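*Asks:* sequence and predicted structure below; questions after.
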Amino acid sequence: MALPWMTPAGATYMGLFLLSSVACFASIPRANSINDVEMRYGLVGLLATTGMWALLKTAFFVVPDPFREATYIVGLIFGFATVWAWLYFVSAYTGRSLHRNTTLRRLSGAVFLLIVLIKITNPIHGLYFTTTLVTTPFRYLAIDHGIVHWISTSLAYVLASIGLFMIFELYVESGYNSKPLAVLTGLLALPVTLDIIAIATPQLINFIYAPIGVAAFAIGTLFIFSDQFLTVRTTAQGDEAAIILDDNDRIQDYSPAAAAAFPALTDSIDDPLGDALPAVAAIRESDDKQIVAQDNGEGTAYYLISPRSMTLGDSAVEVLALTDVTDLEQQRRTLVERERELDERTELYRAVIAASFAFVFRLDLEGRFKFVSPSVEEFLGYEPAELIGEPMSVLGTDEETTELAADYHADVANGESIQVRDLPIATRSDRTVHVDIRAVPIYEASVDPEARTPDDIVGSQVMVRDASDRRQREGLISVINRVLRHNVRNKLTVINGYAELLATELDDDNAAKAEQIVETADRLLDLTESARRIEANRELSPELETVDLTPILEKAIDQLSSRYPEASVTTEIPSSAIATTLPRIETALWELLENAAVHGGEQPSITLAVAETDDQLRLTISDDGPGLPEEERQVLAEGKEEPLVHGQGLGLWLTYWIITTLDGEISVSKSQQGTTIEIRLPTPSTTA
């Protein structure tokens, strides 16, 4: 009886399987050059298991009879392993993650080990296959497969078909010319046809021909159509719009979506990327963010360039995936513009703070510094880092001041905004400086402003202004006022007394001169009284309040009639005249009424009218005197008082100062005869 390799049919079978084994093993080094690790593992595993399977099939025909059945069983184990290597490779090649799924891997391992166990124990139970020595078409040990074999084989075919479906799906969806790869992949299914024919006819032995198809697939994809193989694989992880480049940066292909986004790609195959799309080429070679702008006719679209490359031996392709990031890029550019505007505003705020305050700091609820502006170093000598975490008592000048500051901090922690003048604090060199502060609570940012309560306060922000210059000015004013009110006033009283005495004792011109001295001394005494009132009203109150001016005006009219009986006063005053002001407005109104009585002639006629409009309370004071001189009118209209203060001018300046600091307005009509002064004060309806 002729041995298998001694017959044409036997030599053909052995040659095909041996050639398949050699092809698979020879392809492993090239598969190892693939730079994608997971795809490399899968393909090398497929080639190695298939090569061993084909080699054992070849050995099946030549090993001695006692070893043939064992050789066939080992071959079956490698054959079944090719299914799992195939699925691993396909999952990695198509960009899926099934091969990384721990549950699937454990289930696959369990199924594989179960089938292997059944195959290994076949000599005991014979359920997988039995053997019969046959002589047609040559002498060999024929395999008669049992029901367990067909069950495991059906499972293998189903799993292999799933892999084929995934890979063909990739070919179809890639949008590239993948016909050669589709034909090569189809060779994997061809041996299944031979297996079916072998069952139906004795012309082919029932021997499973899968290794032949795998070998053909490996040679075709790795050596003949490697560029297409890499191109399709690379786009598995890419976006719909993509450009394929060779290692010389020439365009090999592009997706329809890429051509739609970049019309210049049309008919650009084999053109350098820089010629077809210079903007894309420039962005790709730059170190900046890989985003290219493209005018799509309806505006500017933005695409993120994501290069992906694959290498296989000396073949290499690069895919430029073009992801439409228009919305994100527009948002990013908007945010960048807003950040720029915020930076500008921040610098502006810093400049305002630097101009308005000595320094700014924040405290937590325990009164410890959480932030201190850098300007503190120039003012107090501390670096900001030295104060962070320290209690605010570090700036206290004594125990009393420290306790007072703690009380202020407690008020802010309860939701109050406070202003404090002339608070003493200590510098780093232990020198005492006086400051004005404004402190406001800081609320938890996540709490809606409408729902905030003191429980949501997390600290306070304090703005500090240097009060040294103001204190010096106020000290100077106080000294001047003391001189005017005491020294000068006392001397003027003496002068006035002697002048009055001389006026009674002298006659004619000398008596008139003495009377002039008395009048001048009286005006200077009035000046010292105006200075006293200015000092008394120099403090600014933080908030205005509602004041009924009717009783104030009635009191002033009574006082005017008593002091200046020669003056006649006509009034139009409602029963109630409510303004948003402060009681010190009485001083300003009296100054105006007295000025009209004193300078309105021998028998002055004064009219006082009060009217309420929609948003203001309007007071009009008129007289029939000679009218205010221009310099006096400017005092009331603009607050000007220069270069020398007149006796009545200081009182007018006080009037202007009080009214304007109470958010009021004052105007004087120009006239050759008489004076009309109008005062406008806010009402509660405008300040609500």
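*Replies:* Looks like it arrived, so ask away. Numbering: from 1, shown residues only.
*Asks:* name the nearest residue to residue 620, sequence neighbours excluded.
*Replies:* Of all residues not flanking residue 620 in the chain, residue 609 sits nearest, at 4.6 Å (Cβ to Cβ, 6 or more residues apart in numbering). Placement of C-beta: from N, CA and C, glycine included.
*Asks:* isn't that neighbour right next to residue 619, touching?
*Replies:* Yes. Under the contact definition of Cβ atoms under 8 Å, residue 609 touches residue 619, with a separation of 7.3 Å.
*Asks:* mind listing what the residue nearest to residue 620 touches?
*Replies:* 571-573, 619-620 (Cβ atoms under 8 Å, 6 or more residues apart in numbering).
*Asks:* will you turn those into a markdown table that also has neighbour count?
*Replies:* Shown next, in a markdown table, are the contacts of residue 609 (neighbours: other Cβ atoms under 10 Å):
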| residue | neighbour count |
| --- | --- |
| 571 | 12 |
| 572 | 10 |
| 573 | 17 |
| 619 | 24 |
| 620 | 16 |
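*Asks:* of those, which belong to strands?
*Replies:* Cross-referencing those against strands under DSSP state E gives 571-572, 619-620.
*Asks:* bridging residues for residue 418?
*Replies:* Listed by DSSP bridges, the beta-bridge partners for residue 418 are residue 439.
*Asks:* contacts only, for it.
*Replies:* 408, 411-412, 437-439.
*Asks:* of the residues you listed, grab the buried ones for ChimeraX.
*Replies:* Buried residues within these, by 16 or more other Cβ atoms under 10 Å, are selected in ChimeraX with:
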select :408,412,437,438,439
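*Asks:* any chance of CSV for the contacts of residue 418, columns pLDDT and distance to residue 155?
*Replies:* CSV is the format used below for these (pLDDT from 0 to 100; distance: Cβ to Cβ, whole Å):
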residue, pLDDT, distance to residue 155
408, 92, 82
411, 92, 81
412, 91, 77
437, 88, 83
438, 87, 81
439, 89, 79
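*Asks:* closest to residue 561 out of the contacts of residue 418?
*Replies:* Checking the contacts of residue 418 against residue 561 by Cβ to Cβ gives residue 438 as the nearest, at 45.5 Å.
*Asks:* I'd say the closest one and residue 423 touch.
*Replies:* No. Applying Cβ under 8 Å as the test, residue 438 and residue 423 come out as separate, 11.1 Å apart.
*Asks:* ok, the residue nearest the centre of the chain to residue 300 distance?
*Replies:* The centre of the chain sits closest to residue 335, judged by Cα atoms, centre = their mean, with a distance of 7.1 Å. Note on residue 335: its distance to residue 300, by Cβ to Cβ, to the nearest Å, is 17 Å.
*Asks:* which SS class is the residue nearest to residue 620?
*Replies:* strand (DSSP: H, G, I helix; E, B strand; the rest coil).
*Asks:* do you know the pLDDT at it?
*Replies:* Listed pLDDT for residue 609 reads 94.
*Asks:* now residue 239
*Replies:* 48.
*Asks:* cool, the one 4 residues further on as well?
*Replies:* Predicted confidence (pLDDT) at residue 243: the value is 80.
*Asks:* wait, is it part of a helix?
*Replies:* No. Residue 243 is assigned strand when assessed by three-state DSSP, not a helix.
*Asks:* that one contacts residue 307, correct?
*Replies:* No. With contacts counted by Cβ under 8 Å, residue 243 stays clear of residue 307, the gap being 9.8 Å.
*Asks:* any common contacting residues for these two?
*Replies:* 319-320.
*Asks:* compare neighbour counts for those two and give me the winner.
*Replies:* Counted by other Cβ atoms under 10 Å, residue 243 and residue 307 do not tie: residue 243 has more neighbours, with 26 against 14.
*Asks:* if I pick the more buried one, what's in contact with it?
*Replies:* Going by Cβ under 8 Å, 6+ apart, the list of residues near residue 243 reads 251, 253-255, 258, 265, 273, 277, 280, 319-320, 322.
*Asks:* kindly report the same for residue 71.
*Replies:* Residue 71 neighbours (Cβ under 8 Å, 6+ apart): 56, 59-60, 63.
*Asks:* what's around residue 112, how many residues?
*Replies:* 15.
*Asks:* how about it, nearest residue that isn't a chain neighbour?
*Replies:* Spatial nearest neighbour of residue 112, excluding adjacent residues (Cβ to Cβ, 6+ apart): residue 84 at 6.2 Å.
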